[in-house]
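>>> below is the sequence, then the predicted model.
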Amino acid sequence: MPTEVSLMFGGNIGDTASLFETACGKLERAGFLLLKKSSVFITPPVDCVPGTPDFLNQAVLGCWQGSPRELLLLTQRLERESGRPREHSSAEARTLDIDIITFGELVLEEPDLILPHPRAQQRLFVLEPLGEIAPELRFPDSGKSVSQLLAALKK
């Protein structure tokens with residue numbers, strides 16, 4: 001049975017919008033059923049080294065038949081194929097970053113995979129694109145919808 005999944009794309013090196021399109025195509029060829037994708041948002045860097053350029057961000061909603069681990073491995077491969085090194089700092093510029101934000105109703109905590117994404121509910125650069133395509137999507141750990149979280153952050 002496929003699981004509804006939300007992903008967040010980010011990047012700020014190279015032709016980021018093209019990298020997002022390429023990643024979507026590769027996800028689909030790997031079995032990810034793409035349902036919706038947001039506009040591309042330009043956002044300032046958060047928790048990055050000084051001088052880091054603005055990011056482009058895009059939310060993607062789809063269905064995945066495999067496990068969360070299989071999706072993680074796929075997204076990590078796509079990041080490497082875009083030119084992102086296997087070992088990298090989250091505080092630096094990058095070609096492509098793909099985060100699994102939600103994986104159905106799953107709440108999971110493993111050393112290298114936490115679902116839902118641990119900081120997504122506090123980050124405008126995640127919630128604004130996600131709110132464009134899935135405002136009523138609820139985070140299974142808090143029970144709050146994207147629109148509720150956005151409203152609270154914008155107060």
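Perfect, thanks for sending it.

>>> helices of the protein, residue ranges please.
Counting by DSSP state H, the chain has helices at residues 16-29, 68-81, 124-133, 146-153.

>>> so which of the ones you listed comes closest to Pro2?
helix 68-81 (11.5 Å; Cβ to Cβ). The way it works is simple: take the backbone N, C-alpha and C, and place the C-beta from them, glycine included.

>>> other SSEs contacting that closest one?
On a contact count with 3 or more Cβ pairs under 8 Å, 6 or more residues apart in numbering; DSSP states H and E, helix 68-81 meets helix 16-29, strand 97-103, strand 113-115.

>>> run the chain-centre distance for it.
With Cα atoms, centre = their mean, to the nearest Å as the basis, helix 68-81 stands 12 Å off its chain's centre.

>>> quick one: average confidence on that helix?
On average, the pLDDT along helix 68-81 is 97.

>>> that helix vs strand 97-103, what angle?
In terms of direction (axes from the mean of the first three to the mean of the last three Cα atoms, to 10 degrees), helix 68-81 departs from strand 97-103 by 160 degrees.

>>> just the CA trace of helix 68-81, in PDB.
Once non-C-alpha atoms are left out, helix 68-81 reads as follows in PDB (Å, rounded to 0.1, in the frame of the first residue of the first chain):
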ATOM      1  CA  PRO A  68      11.300   5.100   4.600                       C
ATOM      2  CA  ARG A  69      14.800   3.700   4.600                       C
ATOM      3  CA  GLU A  70      14.600   3.000   0.800                       C
ATOM      4  CA  LEU A  71      13.300   6.500   0.200                       C
ATOM      5  CA  LEU A  72      16.200   7.900   2.300                       C
ATOM      6  CA  LEU A  73      18.800   6.000   0.300                       C
ATOM      7  CA  LEU A  74      17.200   7.100  -3.000                       C
ATOM      8  CA  THR A  75      17.200  10.800  -1.900                       C
ATOM      9  CA  GLN A  76      20.800  10.600  -0.700                       C
ATOM     10  CA  ARG A  77      21.800   9.100  -4.100                       C
ATOM     11  CA  LEU A  78      20.000  11.900  -5.900                       C
ATOM     12  CA  GLU A  79      21.900  14.500  -3.800                       C
ATOM     13  CA  ARG A  80      25.200  12.900  -4.600                       C
ATOM     14  CA  GLU A  81      24.300  12.700  -8.300                       C
END
